[in-house]
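K.L.:
Sharing a sequence plus its predicted fold:
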Amino acid sequence: MSTETETGVARKLKLKLKLAINRSKSSNGNLSVKKGRILSGRAQEMPTYESRDDISVKRTFQTSGRGVGVKARSLVIGEFRKSSNLSGKFGRKSEFSRVGGVENGVRKGSSVEKSLRTIWVPSKNDGAGSEKKQSRWKGKGRSSDGNFSQLRVKKFNKAEAEGLVDFDVKNGKFEKVEDEGLAYRGDASLNKDLWRSRRKINVGGKIGGDGRSSEVVSTDEPLRKRKRIRIHRLDVSNKRIDDTIMSEENTKAKSEEADDKDITMSRNAQFRAIKPTPSILSFVEDNLLGRRRMIELQRAGYNINLSAPLDNIPNSTSTERERIEESLFRNRLEFYAAAKVASSFPVPDLPEVAFAGRSNVGKSSLLNALTRQWGVVRTSDKPGHTRTINFFKLGTKLNLVDLPGYGFAYAKEEVKDAWEELVKEYVTTRSALQRVCLLVDTKWGMKPRDHELIGLMEKSQTKYQIVLTKTDAVPPMDVARRAMQIEENLKANRSIVQPLMIVSSRSGAGIRCLRTALAKISRFVKV
Ligand SMILES: Nc1nc2c(ncn2[C@@H]2O[C@H](COP(=O)(O)OP(=O)(O)OP(=O)(O)O)[C@@H](O)[C@H]2O)c(=O)[nH]1
Ligand SMILES: [Mg+2]
């Protein structure tokens, strides 16, 4: 290239650079940066360079919005690669030296206006920043691009005076995207370095490690807030009790709580705060009650290929189910009467055990499970399937009675009322009735109608026993909590028969215990 051309090129370069600096100064708010990529803005109008210069470029951007501080500020550094309208690289290597301390305005300021700057910095690595090279460069500049270098040093000084921050990061790269402005090419290592160097600043107040400067940097960036979970002070079941950090919000909430003495825990929190007794817990564990994985049943020695696998003898080598331990329940279950009204109740000849409870709680299923005669009593997943009082004979010693459910059911209100009245009449007047098994869904617990029926049975001195059902649908701990809750609530009652039974017709858990309890009635009670 001739001297004449070089001078022309230098002049062009100077003009364009000046233009770029002015633009970036005057229109600071025009850039938006996201994930290291400049999305829009003035960077499109970056100058092009036709000769290679020993300068490197540093741009700092600050986005407004969330997380202003280390993360929000994106330092974009690097070099331009050759492209159609660029005849040379811009900056040899993107290694930078620190040019100034961090000014609060830059770090703290959330406004883009204040923080967005473009400065042109002589690279230390390239020697442009060193005394020796700078003077050489300046000298050179006097003949060819002296004005340019002066301008650059001037800008540099100005930027330094403004206290723009610089970081030392290796090999950062720019690429020029055709007329789209600068695009940061997502160099992961660059990101890491950046993040590290910033962390170092935060921690030690110095740029250490790879950082080329050891100047102290102000560290008044806001720290990120930690997430906090608010838990009720009485809820001891939750392990993540965070009583260490007191945010403003927390303190306020706690003082409000203290003021409001009548504050009540949510039902769920109350339930989770229940601590079951060791005896209940061991009963639940021993009988593998609650939701269990098949592997757990297998390890306990149950044949999981059978339906209701837990209603069997553990570690049995037989592929068949072992026979029922209570001879009473080996008898055939026979339907013999159904009653829609009290006048059609059959003559009481044998002791009766009735199964009461809300619709869909699993009364009919339990009869089948107890006798292992699935299909004798009809069941359905639709609440309100059993609509009459159904009497079943179990051999010649005991009758089992399946009652219609109460509460929600797919039936008309007056029909449901009639069922409820019928059930109430049966449990309070039936002379042969020896025990009512009041079934309660473990998941939902006792409802007002259950308490209503209990009240009636207490009045009429009918013996009743609570049976928790569908235990396979809830975690073992919840089964224990529910049992504990009900026992606590009903401990003052006189007609209740203890202990509370906990079963699952589906898994067969607890069925053997219930059989034993009911078989006793047939042995000792005579009608
Ligand atoms: N997971 C699970 N489901 C059960 C259990 N027992 C019964 N079910 C299901 O619950 C639904 C209702 O069972 P039923 O035996 O018909 O209930 P019910 O209390 O007789 O209902 P009504 O006759 O409408 O009063 C059916 O879909 C059963 O399969 C159990 O122990 N575990
Ligand atoms: Mg039923």
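P.N.:
Received the coordinates, thanks. Ligands and ions are numbered 1, 2, ... in the order given.

K.L.:
What residues sit buried inside stretch 483-501?
P.N.:
For stretch 483-501, the neighbour count (16 or more other C-beta atoms under 10 Å) marks 483-487, 490, 495-497, 500-501 as buried. Every C-beta, even on glycine, is put in place using the N, C-alpha and C of the backbone.

K.L.:
Out of these, list just those in helices.
P.N.:
483-487, 490 (DSSP state H).

K.L.:
Residue of this structure closest to ligand 1, please.
P.N.:
Each residue of the chain has a distance to ligand 1, by C-beta to the nearest ligand atom, and the smallest belongs to residue 405, at 2.7 Å.

K.L.:
follow-up on the earlier one: now the ones in helices among the buried residues of stretch 483-501 as CSV including distance to residue 301 and pLDDT?
P.N.:
Putting these into CSV (distance: C-beta to C-beta, whole Å; pLDDT from 0 to 100) gives the following:
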residue, distance to residue 301, pLDDT
483, 25, 97
484, 28, 96
485, 31, 96
486, 30, 97
487, 30, 95
490, 35, 96
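
K.L.:
Break down the stretch 251-400 of the chain into its strands, ranges please.
P.N.:
333-339, 352-357, 389-394, 398-402 (DSSP state E, counting those that start in this stretch).

K.L.:
Let me know whether residue 396 touches residue 350 as I believe.
P.N.:
Yes: under the criterion of C-beta atoms under 8 Å, residue 396 makes contact with residue 350 at 7.4 Å.

K.L.:
Between those two, tell me which one has more neighbours.
P.N.:
The residue with more neighbours, out of residue 396 and residue 350 and counting by other C-beta atoms under 10 Å, is residue 350; that gives 20 against 11.

K.L.:
what about that one, distance to residue 520?
P.N.:
When distance is defined by C-beta to C-beta, to the nearest Å, residue 350 is 15 Å away from residue 520.

K.L.:
Also within reach of ligand 2: list those from the ones in helices among the buried residues of stretch 483-501.
P.N.:
The overlap between those and the neighbourhood of ligand 2 (criterion: C-beta under 5 Å from the ion) is empty.

K.L.:
Closest one of those to ligand 2?
P.N.:
Within these, distances to ligand 2 taken as C-beta to the ion reach their minimum at residue 486, with 21.6 Å.

K.L.:
Next, the contact list for the closest one, please.
P.N.:
If a contact means C-beta atoms under 8 Å, 6 or more residues apart in numbering, then residue 486 has 440, 445-446, 466, 468, 500 as its contacts.

K.L.:
what's the burial count for the closest residue to residue 358 other than its chain neighbours?
P.N.:
Once its chain neighbours are removed from consideration, residue 358 has its nearest residue in residue 407; the separation is 4.0 Å (C-beta to C-beta, 6 or more residues apart in numbering). The number of residues packed near residue 407 is 17, by other C-beta under 10 Å.

K.L.:
Surely residue 407 is in contact with residue 449?
P.N.:
Yes: in this structure, residue 407 sits in contact with residue 449. The criterion is C-beta under 8 Å, and the distance is 5.3 Å.

K.L.:
Common neighbours of those two, please.
P.N.:
Common contacts of residue 407 and residue 449 (C-beta under 8 Å, 6+ apart): residue 358.

K.L.:
which two from the buried residues of stretch 483-501 end up farthest apart in space?
P.N.:
Largest separation among the buried residues of stretch 483-501 by C-beta to C-beta: 484 and 495, giving 20.5 Å.

K.L.:
any idea which strand is longest in this structure?
P.N.:
For the chain, the longest strand by residue count, based on DSSP state E, is strand 433-441.

K.L.:
just checking, next helix/strand downstream of it?
P.N.:
Per DSSP states H and E, strand 433-441 leads on to helix 448-460 as the next helix or strand towards the C-terminus.

K.L.:
neighbour-wise, which of the contacts of residue 486 leads?
P.N.:
For these, neighbours were counted by other C-beta under 10 Å; the highest total belongs to residue 466, with 26 neighbours.

K.L.:
Where does the prediction get shaky in the stretch 251-400 of the chain?
P.N.:
For the stretch 251-400 of the chain, the stretches with pLDDT under 70 are 251-263.

K.L.:
Would you map the helices across it?
P.N.:
Assigned by DSSP state H, counting those that start in this stretch, the stretch 251-400 of the chain shows helices spanning 267-272, 278-286, 294-299, 363-371.

K.L.:
Buried deepest among the ones you listed, which one?
P.N.:
Counting by mean count of other C-beta atoms under 10 Å, helix 363-371 has the highest mean neighbour count of these, with a mean of 24.

K.L.:
Wondering if it reaches ligand 1 at all.
P.N.:
Yes: using C-beta under 6 Å from any ligand atom, helix 363-371 reaches ligand 1 at 363-365.

K.L.:
can you check stretch 483-503 too?
P.N.:
No: interface with ligand 1: stretch 483-503 contributes nothing (C-beta under 6 Å from any ligand atom), its closest point being 6.9 Å away.

K.L.:
out of the helices of the stretch 251-400 of the chain, nearest to residue 327?
P.N.:
Scanning those with C-beta to C-beta as the criterion, the closest one proves to be helix 363-371, at 12.2 Å.
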